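Novice: Test case, fold it:
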Amino acid sequence: MGAEVRAEVTAEIRDAMRDRVGLGWRPELAAGILASLDSIDVIELIADNLFDSPERARALRMLSSQTTVVLHGVGLGMASTLPVDLKRLGKMARLVEFLKPESWSEHLAFVRAGEIEIGHLAAPPRTRSTVEATAENIDTGRKMVGTAPKMENIATLIDPPVSDLDESEWLKRSVEASGAEMLLDLHNLYANALNFGLNPSDFLLRLPLEKVRQVHISGGQFIGDPVSRRLLDDHLHDPPDPVFDLLEELAAVCPNPLTVILERDGSYPPMGLLLAQLELARQALQKGRARERSEVGTVSGVAVC
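Specialist: Okay, the predicted model is just below:
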């Protein structure tokens with residue numbers, strides 16, 4: 001193997017092993033994103049916004065030639081006892097073929113029952129039957145698209161009725177049964193922990209962290225009265241400090257390189273503030289990896305490079 005080829009292979013391996021931070025593409029942020037590509041490792045595109053818009057898809061294919069892009073779906077409803085909508089899944093498959101993203105993802109949620117669209121991501125009953133059905137839907141996605149989606153945990157304001165598994169156990173079983181990797185939304189985890197009286201750090205450590213490859217960070221707001229208030233994940237606010245703390249904890253224990261995406265869906269701040277939040281994410285990852293090396297060195301009794 002020639003020196004130039006070896007250098008290229010080494011660079012590819014190094015890139016595959018490093019943590020990265022990125023931003024969700026929104027038309028309102030387009031100018032700022034395009035002017036800041038040197039500070040953004042990855043761009044996440046919302047797939048559903050492109051399914052029936054070939055003009056947008058063609059424009060973003062040019063972006064995919066300039067930087068790394070990943071696709072994120074919001075409407076397939078994979079975590080359902082109903083079979084996944086094959087028409088929608090076909091659109092995802094065609095978009096993946098057209099844009100050639102690094103990966104695609106979806107939510108562990110349901111969004112419809114029969115002909116009724118409920119208009120938001122809902123947590124299914126956490127039961128063994130929904131674990132099995134989710135695994136079947138993910139397998140259908142794998143066959144139609146060519147790769148399995150990374151699956152994201154969702155925020156919920158109510159515990160799904162008739163559940164006989166807690167959220168961490170349901171997530172673990174769903175990921176194991178499907179063989180899919182996980183997109184871990186840390187604000188969703190934080191919101192569910194606060195809303196249902198859990199310790200966020202303990203909750204994190206009960207998840208299948210060896211399956212986590214991608215991460216979402218975002219912000220929300222408290223709703224309701226002081227006694228019954230809930231943290232709503234609305235993507236309209238800055239990620240709170242505990243989310244960056246959870247990212248550091250994740251980096252300290254997760255063995256995989258992580259791709260962290262900052263989500264913002266409105267009330268957009270100046271691009272400089274969003275880039276500063278990406279830098280906070282980088283710092284959290286670095287601190288966590290440093291903790292990981294320190295803890296390994298302490299256990300083994302040898303220095304860890």
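
Novice: Please work out the average pLDDT along the one helix or strand residue 105 maps to.
Specialist: The secondary structure element spanning residue 105 is strand 104-107 (assigned by DSSP states H and E). Per-residue pLDDT over strand 104-107 has a mean of 98.

Novice: contacting residues around that strand?
Specialist: Strand 104-107 has contacts (CB atoms under 8 Å, 6 or more residues apart in numbering) with 47, 70-74, 76, 78-79, 92, 96, 121, 141, 145, 147, 149-152, 154, 183, 214. C-betas here are computed from N, CA, C, even on glycine.

Novice: What residues sit buried inside stretch 101-110?
Specialist: The neighbour-count check on stretch 101-110 (16 or more other CB atoms under 10 Å) flags 101, 103-110 as buried.

Novice: Between the two ends of that stretch, how far is it?
Specialist: One end of stretch 101-110 sits 24 Å from the other (CA to CA, to the nearest Å).

Novice: Please name the spatially closest residue to residue 117 (chain neighbours excluded).
Specialist: Spatial nearest neighbour of residue 117, chain neighbours left out: residue 111 (6.6 Å); criterion: CB to CB, 6 or more residues apart in numbering.

Novice: secondary structure element for the one you found?
Specialist: Residue 111 is part of strand 110-113 when elements are defined by DSSP H and E.

Novice: now residue 61
Specialist: Per DSSP H and E: helix 54-66 holds residue 61.

Novice: If we go by neighbour counts, what in that helix is buried?
Specialist: Under the neighbour-count criterion of 16+ other CB under 10 Å, helix 54-66 has 57, 60, 63-64 buried.

Novice: Where does the prediction get shaky in the protein?
Specialist: For the chain, the stretches with pLDDT under 70 are 1-17, 114, 295-305.

Novice: Determine the longest helix present in it.
Specialist: In the chain, assigned by DSSP state H, the helix with the most residues is helix 271-300.

Novice: and that helix, what other elements does it pack with?
Specialist: With contacts taken as 3 or more CB pairs under 8 Å, 6 or more residues apart in numbering; DSSP states H and E, helix 271-300 sits against strand 20-24, helix 30-34, helix 241-253, strand 259-262.

Novice: Go ahead and name everything in contact with the first one.
Specialist: Right, the one you point to is strand 20-24. If you take CB under 8 Å, 6+ apart as the criterion, strand 20-24 is touched by 29, 33, 40-44, 46, 68, 70, 72, 257-265, 274, 278, 281-282, 285.

Novice: can we see that at 7 Å?
Specialist: By CB atoms under 7 Å, 6 or more residues apart in numbering, the residues outside strand 20-24 that reach it are 33, 40-44, 259-264, 274, 278, 281-282.

Novice: Out of those residues, which comes closest to residue 87?
Specialist: Nearest to residue 87 among these, counting by CB to CB, is residue 44 at 23.5 Å.
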